[in-house]
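Engineer: Sequence isn't available, so here's the structure alone:
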C-alpha cells in the first residue's frame, strides 16, 4: 500500500464517521497539483486545495476554453472543475481524455446589478422574490417582465461573456430564450433585444464572466445579464433573482429548460447544447501525471468539509455527490468511494 492509499483508508474512516480529518492536518507530501477550473470557481478550488492539506495551483478560464487546454495537454492537469457536465461529455469524452465525472453542487443564474441601478430595481426584485417563494407564476412574469424592460430600455449597458469560451455566455442566451417563452411565448424575443443592444454599442462581451466584475463595480456596465448566484455572493455583488422557470437551477423544470438551445463553436467544430440544470462537476484526465493527487483533492470535494467550504462560497452542495460514467477509469483512492454513502452511482 503506497502513501496515498494509506491516507485514503484513513479518509474512508473519517468520512463515514463524520470526524474532521482535515482540520489541523499538515500538508501531505506530494507533487504540486496543477488544476484547471471554470474561472468563477477558481477561488473555491484554491481554498479546497488548501483545505485538503495539499499544495498546488489553479488555472482559471471559461469552462470551454479550459476544456480545450485540458485536451491539448491532459497530462499536466490533476483535476478539471467545470460548471457544465455537457462540456465534459461533449468535448472531453470524444477525445478520450476522460470517461467519467462527478457532480458535487448545483447553482443558478442571477442578474448582476451595478450601484447605479440598485435603487431602480430593488422594489421589483423584492416583489419578484416574494412571488417566487409563493409560487405565484403570474406575478413572477409581471415583475420579471418589468425588470427586463428596464434592462433592455436602451438606456442601460449590459455585459455578457462569449458563449464559445464560457458556459456563462451560452447560459445567458438560454436564460433569455426561456424568458421569452415564459413571458411572451416567443423564444427569440429577448435574444433579439440583446442583439439590438449589441448593434447600438451597449453590449460588452468578454472571454470569461469573471472579467465583468470590475466593469460592473465601476459602472462601465449596468447589468451582467446572467451570472452564477454563488459568484455574485462570493463577490458581494447585488443581484436580481430569476424565476425558477428560467434560472437553470431547478431540476423540476428540466424539461422546460430543454426548450432552449445554443450552438457553440469549439476548435472549428459546432456543438449544440440544450438547456439543463446547472451542476458543478469535475473529472481527472486519464493520463494525468498526478491522477492520484487529483483523486485526493476529489475526496475532499465530496467530504463533509468540502461541502462546508462550498456553502461558505455560496455554492449549494448536492446532498450526495453523483458519479456518472466509467468506474474502471477512476484513479485510486477515489474509486473506493463510488457507490458508497458519500458518492451515488447514477
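Structural biologist: Looks like it came in fine. Values in this document were obtained by computation on a predicted structure and should not be read as measured data.
Engineer: Which helix runs longest in this protein?
Structural biologist: The longest helix of the chain (DSSP state H) is helix 167-184.
Engineer: Show me how far that one is from its chain's centre.
Structural biologist: Remark: helix 167-184 is offset 16 Å from the chain centroid, using Cα atoms, centre = their mean, to the nearest Å.
Engineer: just stretch 175-188 next, same as before
Structural biologist: For stretch 175-188 - counting by Cα atoms, centre = their mean - the centre lies 23 Å from the chain centre.
Engineer: could we number from 35 for the rest of this?
Structural biologist: Sounds good: first residue 35 from here, last item stretch 209-222.
Engineer: which parts of it are buried?
Structural biologist: Neighbour counts over stretch 209-222 (16 or more other Cβ atoms under 10 Å) mark 209, 210, 211, 212, 213, 214, 215, 216, 217, 221 as buried. Glycine gets a C-beta too; all of them are placed from N, C-alpha and C.
Engineer: so which of those residues would you say is closest to residue 295?
Structural biologist: Using Cβ to Cβ, residue 211 comes nearest to residue 295 of those, at 7.8 Å.
Engineer: ok, that closest one to residue 102 distance?
Structural biologist: Residue 211 is 25 Å from residue 102, where distance means Cβ to Cβ, to the nearest Å.
Engineer: The longest helix of the chain packs against which elements?
Structural biologist: Counting contacts by 3 or more Cβ pairs under 8 Å, 6 or more residues apart in numbering; DSSP states H and E, helix 201-218 is packed against strand 143-147, helix 171-185, strand 192-195, helix 223-233, strand 257-262, helix 288-291, strand 295-300.
Engineer: Output these in TSV; the columns should cover mean neighbour count.
Structural biologist: Shown next, in TSV, are these (neighbours: other Cβ atoms under 10 Å):
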stretch	mean neighbour count
strand 143-147	25
helix 171-185	18
strand 192-195	26
helix 223-233	16
strand 257-262	27
helix 288-291	15
strand 295-300	16
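Engineer: Out of these, the one nearest residue 333 is which?
Structural biologist: Set against residue 333 and scored by Cβ to Cβ, these come closest in strand 257-262, at 24.6 Å.
Engineer: Could you point out the helix or strand that follows that closest one?
Structural biologist: With elements assigned by DSSP states H and E, the helix or strand that comes after strand 257-262 is helix 263-268.
Engineer: Rounded mean pLDDT for that next one, please.
Structural biologist: Helix 263-268 shows an average pLDDT of 88 in the prediction.
Engineer: elements contacting it?
Structural biologist: Where contact means 3+ Cβ pairs under 8 Å, 6+ apart, helix 263-268 is packed against helix 76-85, strand 143-147.
Engineer: go with 6 Å
Structural biologist: Helix 263-268 sits against strand 143-147, with contacts defined as 3 or more Cβ pairs under 6 Å, 6 or more residues apart in numbering; DSSP states H and E.
Engineer: Just list what the strand it packs on packs against, helices and strands only.
Structural biologist: In terms of contacts (3+ Cβ pairs under 6 Å, 6+ apart), strand 143-147 is packed against strand 257-262, helix 263-268, strand 273-274.
Engineer: Measure how far the shortest one is from the centre of its chain, please.
Structural biologist: A distance of 17 Å separates the C-alpha centroid of strand 273-274 from that of its chain, computed with Cα atoms, centre = their mean.
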